[in-house]
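1. Need the 3D shape of this:
(one chain, ligands or ions: 1)
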Amino acid sequence: MSSLKTDLLKTSGTFNVLVGVTGSVAALKLPFMVSQLLELSGVDVRVVTTEHAKHFYNSAEVSVKIYSDKDEWELWKQRSDPVLHIELRRWADLLVIAPLDANTLGKIASGICDNLLTCVVRAWDTSRPLLFCPAMNTAMWLHPITAQQVSRLKEFGYVEIPCIAKKLVCGDEGKGAMAEVSTIVSLVKEYLQKPDESSLEPDQ
Ligand SMILES: CC(C)(CO)[C@@H](O)C(=O)NCCC(=O)N/C=C\S
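-> Next up is the predicted model:
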């Protein structure tokens with residue numbers, strides 16, 4: 001069995017967190033965020049990256065498997081082969097897209113699925129949590145379409161981890177910075193502790 005496939009075998013009792021990373025400069029925080037997530041009890045982590053995101057982090061500093069678009073085509077050669085974005089959506093108990101850049105926000109809001117990450121989102125089982133952390137220049141954040149697209153994602157049932165105001169790398173001051181890693185990890189941790197509603201006893 002290919003290593004790609006064996007890497008996505010589910011282990012009972014483990015909570016599988018899939019991190020989506022896109023082309024905001026905030027992607028430089030990926031190695032730190034992955035290391036913090038791995039410190040959560042019983043959590044396993046995989047990453048799905050877009051091509052643009054690769055410019056902002058050093059994959060050698062990321063201790064878990066990073067899937068990218070080429071992996072989809074390496075895994076699927078013929079009809080009997082597994083489809084990576086479907087294997088990933090089956091494996092993940094939670095998806096957190098951090099950072100979510102303006103481009104991928106627009107794609108998801110419109111249902112565009114032209115890469116591995118947007119295909120995972122397009123196939124996502126909305127009974128499982130999908131958290132998204134917008135990150136973009138303040139001018140992009142303030143464009144009226146941003147609020148419309150964030151609202152659309154919330155209509156889908158996805159959970160926004162709001163951006164924050166900072167002095168951004170381009171020198172602009174204002175909203176658009178990704179939420180702090182500690183905030184993101186704390187929110188993921190809340191989902192680990194939430195009992196699975198389906199296992200709750202119905203009210204008597
Ligand atoms: C990079 C980091 C985390 C440093 O504190 C912060 O500036 C941030 O989240 N920026 C994301 C916004 C962005 O993509 N700006 C792009 C052009 S200004």
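2. Please, where are all the helices along the chain?
-> 3-6, 30-38, 69-75, 84-91, 102-110, 116-122, 138-142, 144-155, 181-193 (DSSP state H).
3. Tell me which of those sits most buried.
-> helix 116-122 (a mean of 23; mean count of other Cβ atoms under 10 Å). The C-beta positions use only the backbone N, C-alpha and C, and glycine is treated the same way.
4. still on that earlier bit, flag whichever of the helices of the chain has the least confidence on average.
-> Of all the helices of the chain, the minimum mean pLDDT falls on helix 3-6 (a mean of 70).
5. list the contacts for residue 54?
-> Residue 54 sits next to residue 68 when contact means Cβ atoms under 8 Å, 6 or more residues apart in numbering.
6. brain fart, residue 120
-> 18, 20, 48, 85, 88-89, 92, 95.
7. related to what we said a few turns ago, need the helices of the chain in a markdown table (columns: distance to residue 162).
-> Supplementary listing: the helices of the chain in a markdown table, determined by distance: least, Cβ to Cβ, whole Å:
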| stretch | distance to residue 162 |
| --- | --- |
| helix 3-6 | 34 |
| helix 30-38 | 16 |
| helix 69-75 | 29 |
| helix 84-91 | 25 |
| helix 102-110 | 13 |
| helix 116-122 | 19 |
| helix 138-142 | 10 |
| helix 144-155 | 9 |
| helix 181-193 | 9 |
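8. quick one: which of those helices is nearest the ligand?
-> Minimum separation from the ligand across these (Cβ to the nearest ligand atom) falls at helix 138-142, 7.2 Å.
9. elements contacting that closest one?
-> The elements that helix 138-142 packs onto, with contact taken as 3 or more Cβ pairs under 8 Å, 6 or more residues apart in numbering; DSSP states H and E, are strand 173-177.
10. Just give me the neighbour total for residue 93.
-> By the criterion of other Cβ atoms under 10 Å, residue 93 has 18 neighbours.
11. pretty sure it contacts residue 13?
-> No: with contact defined as Cβ atoms under 8 Å, residue 93 does not count as touching residue 13 (11.4 Å).
12. what's next to stretch 29-36, contact-wise?
-> Contacts for stretch 29-36 (Cβ under 8 Å, 6+ apart): 19, 21, 45, 47, 53, 56-58, 61-64, 98-99, 178, 181-182, 184-185.
13. wait, I meant stretch 165-181
-> 24-26, 29, 32-33, 36, 98-99, 133-142, 161-164, 184.
14. Kindly report the same for stretch 137-149.
-> Counting by Cβ under 8 Å, 6+ apart, 102, 105-106, 108-109, 134, 136, 163, 168, 170, 172-176 sit against stretch 137-149.
15. Of those residues, which ones also sit close to the ligand?
-> Among those, the residues that sit close to the ligand (Cβ under 6 Å from any ligand atom) are 136, 168, 170, 172, 176.
16. tell me which parts of the chain are close to the ligand?
-> Counting by Cβ under 6 Å from any ligand atom, the chain sits next to the ligand at 24-26, 28-29, 135-137, 166, 168-170, 172, 176-178.
17. what about 5 Å?
-> Residues of the chain found near the ligand (Cβ under 5 Å from any ligand atom) are 24-26, 135, 137, 168-170, 176-178.
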